[in-house]
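1. I'll drop the sequence and a predicted model, then ask my questions.
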Amino acid sequence: MSAHGISRADVEEFLARDAWLLDTWQLGTWLQLFTPDARYQVPSTDRPAGDPVGSLYLVDDDYRQLCFRVKRFNLPQGHAEQPHSVTQRLVTNVLLHGERAGALDVTAAFLIARTRHGVLDQFVGRYELRLLRSDGAIRFLQRRSVLAMPGLRPVGTVGIIV
């Protein structure tokens, strides 16, 4: 149990809810899992350890940008995810790495199966997370999705939230 009173079971339940909200496209509710100063990041597959300032990131959103991304996902016109893909996320190997600067460092492995237009694509990687308790609930301070893939082919793009 961390100093914030967050147990491994708490983290596993939180990550299961995160996956379920994304798989059921409840993105407005999903945003509530973030603190107002949170970051959502997906580094490029060729430089996953790169810094977002000096490296190309597929996604590097602060909370405001993430809200705008979610709004675009929900617009019927103008987004590549209409109609929505069918996704199933599996999250496993959850490890708590201790606290740093008031937040709990967590890693977990993920596999996301996405079906779109009859084609199955898979995204595999690890989450590097910073979690804290805010208003009695666990929240993301950082949600970093590191893809363990040599590239985005055959997928070609990250059109979903990973």
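-> The structure has been received and is ready for your questions.
2. use CA for all of it now, contacts and neighbours both
-> OK.
3. check contacts around the closest residue in space to V94 that isn't next to it in sequence.
-> Spatially, and ignoring its direct neighbours in sequence, V94 is nearest to A108 (4.3 Å; Cα to Cα, 6 or more residues apart in numbering). Taking Cα atoms under 8 Å, 6 or more residues apart in numbering as the criterion, A108 is in contact with 91-95, 126-128.
4. ok, 7 Å please
-> Residues in contact with A108 (Cα atoms under 7 Å, 6 or more residues apart in numbering) are 91-95, 126-127.
5. which of the residues you listed lies closest to V59?
-> Checking these against V59 with Cα to Cα, the nearest one is Y127 at 13.9 Å.
6. the closest one: how many residues sit nearby?
-> By the criterion of other Cα atoms under 10 Å, Y127 has 21 neighbours.
7. contacts only, for it.
-> By Cα under 7 Å, 6+ apart, the contact list for Y127 reads 107-109, 143-146.
8. now do the SS call for V11.
-> With DSSP: H, G, I helix; E, B strand; the rest coil as the basis, V11 sits in helix.
9. before we move on, what about R126?
-> Following three-state DSSP, R126 is assigned to strand.
10. could you measure from it over to G136?
-> Note on R126: its distance to G136, by Cα to Cα, to the nearest Å, is 26 Å.
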